[in-house]
Every structure is written in structure tokens, then in C-alpha cells.
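**Student:** Quick one: sequence and predicted model below, then my questions.
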Amino acid sequence: MTHCAKWEADVALYAGGDPVDAEVVRHIAECAGCRRFAEEMAGEIERWKQPGEISEEAGEELRRRVMAEIERPRRRGYFFPAAIAAAVILAAALGIKILPKRESSPRLHTAISRPQRGAGSQPAASRLVSTPARQVSRKPGPAPRNPNQASVIKLLTDDPDVVILLVNSNGDGE
Amino acid sequence: MESTEPAVASFGREDTRKAAFEQLMRAYERPVLRICLRMLRNPEDARDAAQDAFLKVYRKMETLEKERSAAPWIYQIAVNVCRDKLRARRPAESLDSVDPWSRGALPDAAAVREQERKMIADGLVRLPEKERAALVLRDMEGLSTSDVARILGSSEGTVRSQVSTARVKLKRFAERWRRKP
């Protein structure tokens, strides 16, 4: 005895206790195949409703795990550095200028200095003379360059806060 | 639907918040585990999904309005976690391509019940994800069609259709399973 395919979906709803049209109820009453299908379906659904196999202990174990996870201190320190690095890389990739644009490119000044003989303990950098970059001036003096003495190159820009020092110590410890 | 709704108080203090959350967990840990197990079949996956779901519940507790029933909200989070995990898996096997018939001898009633349970789990996991969720929530957890619709973000008509289709498929699967020697 087979049921009517046309009514199958409605009979399945009826068997599970879902509301259906009166027409469906009437058909089930008249059709033995659909009536049997509905009874079998109701039996299946009852079996599906049997309580699951979750034990009380399983629930407690889950709760312990979740509460332990909540109590655990959060890991910090990874997000912001990573986000900043990603932003910088992205900005570089897109060619975005992060620093404010200057009206003109900085004018570079260069000075080269060597410690003078008998200059005492005065630091070499403090004796530097700044000149425009195209005119590299050297301190007047007959002394030839001593390879054992330290030399310092100071690069100056228009921005007083930006000074670049290049130091060549030549390994003599001075 | 759960009849015992734990009070979800204001969560101003952290210890109050944790206490309220633990109360929620006690009420819903087993239904959520059951839903996850029926959605995912694998007990380990189910436990991980339930844990993820409750951690989300904890983080989002402030969004749970006092007057709103907690059950559909928690089940919705659990179902969504399961659906995410299912999407990360390979596609489910078809109900028609089952090799259900690896069952052994059935020595006693307990073994029969166990085999039936396994059969239902096998059948469920072969249903499309939305039909499975609808059937689990409607027939196995006993939620109303409107609650299931809310949880799944569907209309009641869609849920009725999914539940009906899933019932027919699972019934056929069970019949084939029982006919096998």
C-alpha cells in the first residue's frame, strides 16, 4: 500500500503535529496509504525525540572548560603592533605619503670635520661647520688626513630637528 | 523550549556577569551539546562547537535583552557555530549513497537502541545543513516553528517546508537501514 506523493509533504507535517489545512486531514481520513504513512512517520518522529545521550557529566565538563577559558587572562600585545605594521605596509604599497608634504624639498648641507691637533677633549661633532651641500668646506689647516683619527660627517637639513651624523672611527677607539 | 529561564541580570560587575553566565550555562549546556552533536555527529566537534558557542554567548551577553527568551538566542549562536564548522568540512554524503550497513550483530535491546541512535545520527548528517538544523530544532528539541524560524533566520513557511522534507528523507533512510540484513 503506497501513499500519495502529492500529499507526502503535508502528511509529514500532520504526523509531526504541525497545523495543516482541513483538506489534508480529510484526505488522510479517506486514503489508507496516506494514513499508514502518517502513522509510520509519527512513530519515527517519536523515536527521534528520544532524549539525547548527553550526560550530566558531559555538561559539567563543558562548563568547566568554558569557565576556565573565561578566567584565563587574555593574550595582549599582538593586535596593535600587527595592525600598525599592516597599515604601514599598505600605505607603502599604495604610495600614500604619511608625513606632511613640504613646500619644497629640504636643502641639504654638508660639513666634514676632522679633529684638530691639540683640540683637547672637545668633541669632534661640536667643531663642525655647516655649509650648503654643494660647497663642501674643510677646516683650513696643513694637517694631512691621519687614517687613525676619527672623522664625522654631519648632514644638516632645513629642519633643525633633523641632523644626520656619519661617524668613521677607524678602529682606534677615539 | 526551556521552561526555566535563568535571570539575566545587569552585568555591571564582572563577577555578577560571570555568575549570570554560569547560570545560563547550567540551564542550556546539555541542550546545546545535544544540538551540536546532532548537527555535527562527531562528539569532539560537538564539544568544541558548544564551547565556542558559549564563549560567544559570554561575549555577547549584553545584547541579550532582559525580556527576551534566552533559549532561541543561545540556540541560534550554537547552530551558527555548527554551520560554520560544517562549511569548513567536505560536503556531506548523500542520503542515497549511504553505506549504513556496517552494523554488526544486535545482541540485545540496548544494542538495538544504540544502533538506532547511530542510524539517526548517520541520517541527520546526510541531510542538507538547513534541513538538518530545522529538523533538530523542531522535532528533536521540540521548539515551535516560529522559534525555529527566528533561530535560522527564515520564514515559518520555509521552516515548515524544510522540516517536512527532512522528515520524509530521514524516514526513508531509516526504512532502508532497517531492511538491510
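**Tutor:** Received, thanks.
**Student:** residue ranges of the helices in chain B, please?
**Tutor:** Using DSSP state H, the helices of chain B run over residues B:14-40, B:43-59, B:70-88, B:109-125, B:129-135, B:145-152, B:156-179.
**Student:** highest average neighbour count across the ones you listed?
**Tutor:** helix B:129-135 (a mean of 24; mean count of other Cβ atoms under 10 Å in any protein chain shown). Where you see a C-beta, it was placed from the backbone N, CA and C, and this is true even at glycine.
**Student:** contact partners of that helix?
**Tutor:** Helix B:129-135 is contacted from outside by A:48, B:38-39, B:79, B:82-83, B:86-87, B:92, B:124-125, B:127, B:148, B:151-152, B:154, B:159, B:162-163, B:165-167, B:169-170, using Cβ atoms under 8 Å, 6 or more residues apart in numbering or on different chains.
**Student:** A:Asp10 is nearest to which of the helices of chain B?
**Tutor:** Closest of the helices of chain B to A:Asp10 is helix B:156-179, at 7.6 Å (criterion: Cβ to Cβ).
**Student:** pull the helix or strand with minimum mean pLDDT from chain A.
**Tutor:** Every helix and strand of chain A was ranked by mean pLDDT, DSSP states H and E. The lowest is strand A:131-132, at a mean of 46.
**Student:** Is stretch B:76-86 in proximity to chain A?
**Tutor:** No. Applying Cβ under 8 Å from any Cβ of the partner chain, one finds stretch B:76-86 separated from chain A by no less than 11.6 Å.
**Student:** Point out where chain B drops to low pLDDT.
**Tutor:** Applying pLDDT under 70 to chain B picks out residues B:1-12, B:65-68, B:90-110, B:181.
**Student:** Contact distance from chain A - what residues of it qualify?
**Tutor:** Residues of chain B lying near chain A (Cβ under 8 Å from any Cβ): B:18, B:21-22, B:25-26, B:29-30, B:33-34, B:37-38, B:47, B:50-51, B:54-55, B:58, B:116-117, B:120, B:135, B:138-140, B:142, B:145, B:160-161, B:163-165, B:167-168, B:170-171, B:174.
**Student:** can you tell me the average pLDDT over the helix or strand hosting A:Ile45?
**Tutor:** A:Ile45 is part of helix A:32-48, with elements assigned from DSSP states H and E. Helix A:32-48 comes out with an average pLDDT of 93.
**Student:** how about that helix: buried residues?
**Tutor:** Using 16 or more other Cβ atoms under 10 Å in any protein chain shown as the burial criterion, the residues of helix A:32-48 that qualify are A:Cys34, A:Arg35, A:Phe37, A:Ala38, A:Met41, A:Glu44, A:Ile45, A:Trp48.
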